[in-house]
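S.K.: below are the sequence and a predicted model; questions follow.
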Amino acid sequence: TDHRNFSSREAVSAIKRLQEAGYQRYADTLYRDLAGQLTSPGELALLAAMAERQGNHFLALKVGKIAGARGI
């Protein structure tokens with residue numbers, strides 16, 4: 001499933017670790033890179049939701065825009 005695939009990605013774990021350590025700027029870079037790589041609409045939605053849970057609405061919107069520009 002999308003949730004299982006998303007949760008098992010190393011980049012997702014790295015984003016969480018960076019955020020916990022207070023390195024949001026680096027986490028944001030990984031969010032954008034991952035948004036450019038994911039091909040599943042479900043995983044992209046999970047990525048945007050993860051940004052939303054951090055209170056980063058701009059980044060959640062950016063994830064959606066990157067996906068939209070790729071036709072997903």
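M.R.: Everything's here; your move.

S.K.: for the most centrally placed residue in the chain, which non-adjacent residue is spatially closest?
M.R.: Residue closest to the mean C-alpha point of the chain, counted by Cα atoms, centre = their mean, is Leu47 at 3.3 Å. Nearest non-adjacent residue to Leu47, counting by Cβ to Cβ, 6 or more residues apart in numbering: Val63, 5.3 Å away. Where C-beta positions appear, they are placed from N, C-alpha and C, glycine not excepted.

S.K.: tally of neighbours for the one you found?
M.R.: Look at Val63: counted by other Cβ atoms under 10 Å, it has 26 neighbours.

S.K.: hang on, it packs against Glu43?
M.R.: No. Between Val63 and Glu43 there is no contact under Cβ atoms under 8 Å: 10.5 Å.

S.K.: just the buried residues of stretch 35-43, please?
M.R.: Ala35, Leu38, Glu43 (16 or more other Cβ atoms under 10 Å).

S.K.: got it, and stretch 55-72?
M.R.: Residues of stretch 55-72 classed as buried by neighbour count (16+ other Cβ under 10 Å): Asn56, Leu59, Ala60, Lys62, Val63, Gly64, Ile66, Ala67.

S.K.: quick one: distance of that stretch to the chain centre.
M.R.: Here stretch 55-72 is found 9 Å from its chain centre; the criterion is Cα atoms, centre = their mean, to the nearest Å.

S.K.: list of residues touching that stretch?
M.R.: Contact with stretch 55-72 is made by 24, 28, 31-32, 35-36, 38-39, 41, 44, 47-49, 51-52, as judged by Cβ atoms under 8 Å, 6 or more residues apart in numbering.

S.K.: okay then, goodbye and thanks.
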